[in-house]
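[1] Curious how this folds, go ahead:
(2 chains)
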There are 2 protein chains.
Amino acid sequence: MVKTIEWVNGKVIMLDQSRLPLEVSFIECSDYRKVAEGIRELWIRGAPAIGIAAAMGIALGAQEIKADNFTDFMRELGPVFNEVLSTRPTAVNIKWAVERIKSLLIQRREESIDRLKALLIEEAKKILEEDIEVNKAIGRWGAEFIKDGDTILTHCNAGALATGGYGTATAPMLVAKEEGKRIQVIADETRPVLQGARLTAWELMQEGIPVTLITDNTAGALMKRGEIDLVIVGTDRTARNGDVANKIGTYTLAVLCKEHKVPFYVAAPLSSIDFSITSGEFIPIEERGPEEVTCIFAKYRIAPDGVNVRNIAFDVTPHKYVTAIITEKGAFIPGDLKKLMKKDVNLERLRVRPYFKS
Amino acid sequence: MVKTIEWVNGKVIMLDQSRLPLEVSFIECSDYRKVAEGIRELWIRGAPAIGIAAAMGIALGAQEIKADNFTDFMRELGPVFNEVLSTRPTAVNIKWAVERIKSLLIQRREESIDRLKALLIEEAKKILEEDIEVNKAIGRWGAEFIKDGDTILTHCNAGALATGGYGTATAPMLVAKEEGKRIQVIADETRPVLQGARLTAWELMQEGIPVTLITDNTAGALMKRGEIDLVIVGTDRTARNGDVANKIGTYTLAVLCKEHKVPFYVAAPLSSIDFSITSGEFIPIEERGPEEVTCIFAKYRIAPDGVNVRNIAFDVTPHKYVTAIITEKGAFIPGDLKKLMKKDVNLERLRVRPYFKS
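    Got it, this is the predicted structure:
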């Protein structure tokens, strides 16, 4: 499996996803600003992956700091935190990674600065490893909803490339395949950045899962023909009430699912659920420049010079459209997410399981 | 206004729309096979425009025929009819043009072959001129549904470029503007061939109508935000029951309109209504090769080599999603279309008019 991001000999190595599938090339970052640039410029993308990148970027930034006491060390880390936090507003994973690192540092404030620097590297690596474990668990819970012979539609890329490995939306597909179910996947190309065409189709071909590429316009026609059994997408941030922010076009798919009675699942590691916000209306939605729409690969112009463009990068799917949210702890109806905040929750009673025998 | 197609000095001149907006270049056809190639390769597209192209192609083909009697003339025209009919299966306008020409020839069978050849040229020019008049009438009926300040979403290109001039879906916008209404248009880019980005945006910029380009994925989010007041699209073929075949993605828009209570209008010259078929399920739907999806402009690859692709060029929107069908005779609810077949129909009683004062 291709690794999206790795910590190697004191450097962050990231696969330049913006060049896929034409070119498999890696970028070596020895400066946290380079990591931030990578997140901003979409060399690396996908909510869990940019959480990992943020943690590694912070670890990298920490190594440069010359402070000799905790207060100075934290003050000098401030700009590093701010730099990574400023890259992408919608995904919660960067914020989650920053908070996790801050609370680790505060907890271990008595340690030497050298030890703290080492701890940050360990923590970043641990976030990556945990992510893979989380995804495998999402895969096991999610695969229960996939029957032998099913056709699964997915949007954007919530695959191995969007994570430390295994993917979120793709994990149930991989597990279903391991279980011997014959599945096929329909990948929306996902304009404007074409993550479906460039990344999901490529990834699933590598995994040997039959995949068919369609334009985003085609999903409705296929649902009307009864050719889609279920939809699984990822999320950049899900609110406590189950409202799901994800790549633009996700909401349209959810509306189509409602119209055609196709189940709509969201694969969401708990790190992507923002329990601090009550609904999707509080999720900041990134709008990006016009070039992604007017030019392909920032090179090939496909629209008139000077045309006005709205490039909204994400949309929010209200929880009423979501059949279940699949986390590493199980699949839940959106309305039950908030119950996961309680320490004594009985997960087994809360989980939703498919009505059919898988 | 740029002319999509013209008959000049015994030749057919067509604007090569596949190069727009990067290049405004014209192709000179002195052979009907070249015209057919132009239809197949999308140098010219749009249901009314390819009807005109078919008529001009047939007129061109007729000039080469050496027959000296009507029976031989018609036999030699057979391959010409077949060649133009074989180019695009979904749009009814080619079939409509062929039938109109055949019945003209049969009616005028006593004329000399030279006169018939001249008649075919006159008829092709007449089809073009009538098309412009029809579109202006569609514009007048359709503009009634547009209020001052409205934002109108459209898909693909049903503009001047898709017709002899003025457009079908764009005609109500042009008339609304002439009436002094301040409108703005949102143009879906319309993957895979990007007619919205390349043609509609370009055309409306030329007309001085404020236009904003979005990816197809963005329409749902804008509707949810309440930013779209109405949708107007064209059609390649509409069945007698009001089921509408149009560019892939139209059906998705119609579902989104239903979900958001946004009116969904179809601008359809009577020539695009196929009264011979009872419902949309009998409309043949063209599937095209994978290259339009995997490559931009047949040049820039955006998907992995060898990926499986479904490239369905059109979809059918069932009549229940259609608020009204706007023809040159007025706007009608889809269920009333079949009544237009009756000779003594009272159009004024059948027409739908907006509830608001425009």
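[2] residues contacting the closest residue to residue A:280 other than its chain neighbours?
    Counting by Cβ to Cβ, 6 or more residues apart in numbering or on different chains, the nearest residue to residue A:280 once its immediate chain neighbours are dropped is residue A:243, at 2.8 Å. Where C-beta positions appear, they are placed from N, C-alpha and C, glycine not excepted. Going by Cβ atoms under 8 Å, 6 or more residues apart in numbering or on different chains, residue A:243 touches A:279, A:280, A:281, A:283, A:316, A:317, A:318, A:319, A:334.
[3] Among the residues you listed, which one has the most neighbours?
    The most crowded member of those is residue A:317, carrying 29 neighbours; neighbours defined as other Cβ atoms under 10 Å in any protein chain shown.
[4] For residue A:126, see how far away that one is.
    Distance of residue A:317 to residue A:126, computed by Cβ to Cβ, to the nearest Å: 31 Å.
[5] Was I right to think residue A:197 contacts residue B:303?
    Yes: the criterion here is Cβ atoms under 8 Å, and residue A:197 meets it with residue B:303 at 4.2 Å.
[6] shared neighbours, the two?
    A:189, A:213, B:293, B:294.
[7] Pick the one among those residues closest to residue A:309.
    Among the shared contacts of residue A:197 and residue B:303, residue A:189 lies closest to residue A:309 (Cβ to Cβ), at 18.4 Å.
[8] quick one, what contacts that closest one?
    Contacts of residue A:189 (Cβ under 8 Å, 6+ apart): A:196, A:197, A:213, A:214, A:215, A:216, B:191, B:293, B:302, B:303.
[9] neighbour-wise, which of residue A:197 and residue B:303 wins?
    residue A:197 (28 against 22).
[10] and the more buried one, that's in a helix?
    Yes: using DSSP: H, G, I helix; E, B strand; the rest coil, the assignment for residue A:197 is a helix.
[11] would you list every one of the helices in the stretch 251-358 of chain A?
    Per DSSP state H, counting those that start in this stretch, the stretch 251-358 of chain A carries helices over the ranges A:291-294, A:347-350.
[12] hmm, who's touching the last one?
    For helix A:347-350, contacts defined as Cβ under 8 Å, 6+ apart pick out A:329, A:330, A:332, A:336, A:339, A:340.
[13] what residues does the stretch 101-250 of chain A put near chain B?
    Contact residues (Cβ under 8 Å from any Cβ of the partner chain) of the stretch 101-250 of chain A with chain B: A:186, A:189-192, A:194, A:197-198, A:201-202, A:205, A:210-222, A:224, A:247-249.
[14] ChimeraX command to pick out the buried ones of those?
    This is how ChimeraX selects the buried members of those, with burial counted by 16 or more other Cβ atoms under 10 Å in any protein chain shown:
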select /A:186,189,190,191,192,194,197,198,201,202,205,211,212,213,214,215,216,217,218,219,220,221,222,224,247,248,249
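[15] Could you list the residues in contact with whichever strand or helix holds residue A:34?
    Per DSSP states H and E: residue A:34 is located in helix A:32-40. By Cβ under 8 Å, 6+ apart, the residues outside helix A:32-40 that reach it are A:12, A:14, A:27, A:29, A:43-45, A:50, A:53-54, A:56-58, A:60-61, A:64, A:80, A:83-84, A:86-88, A:94.
[16] Show me the residues you listed that map onto helices.
    A:50, A:53, A:54, A:56, A:57, A:58, A:60, A:61, A:80, A:83, A:84, A:94 (DSSP state H).
[17] can you tell me which residues contact the closest residue to the last one other than its chain neighbours?
    Counting by Cβ to Cβ, 6+ apart, residue A:94 lies nearest to residue A:54, which is 4.4 Å off, once chain neighbours are set aside. With contact set as Cβ under 8 Å, 6+ apart, residue A:54 has these partners: A:35, A:39, A:84, A:85, A:87, A:93, A:94, A:97, A:98.
[18] and residue A:54, what pLDDT?
    Looking at residue A:54, its pLDDT stands at 98.
[19] Using a markdown table, lay out the contacts of residue A:189 together with distance to residue B:130 and pLDDT.
    What follows is the contacts of residue A:189, written out as a markdown table (distance: Cβ to Cβ, whole Å; pLDDT from 0 to 100):
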| residue | distance to residue B:130 | pLDDT |
| --- | --- | --- |
| A:196 | 43 | 98 |
| A:197 | 42 | 97 |
| A:213 | 41 | 98 |
| A:214 | 38 | 98 |
| A:215 | 34 | 98 |
| A:216 | 36 | 98 |
| B:191 | 33 | 98 |
| B:293 | 36 | 97 |
| B:302 | 41 | 95 |
| B:303 | 42 | 97 |
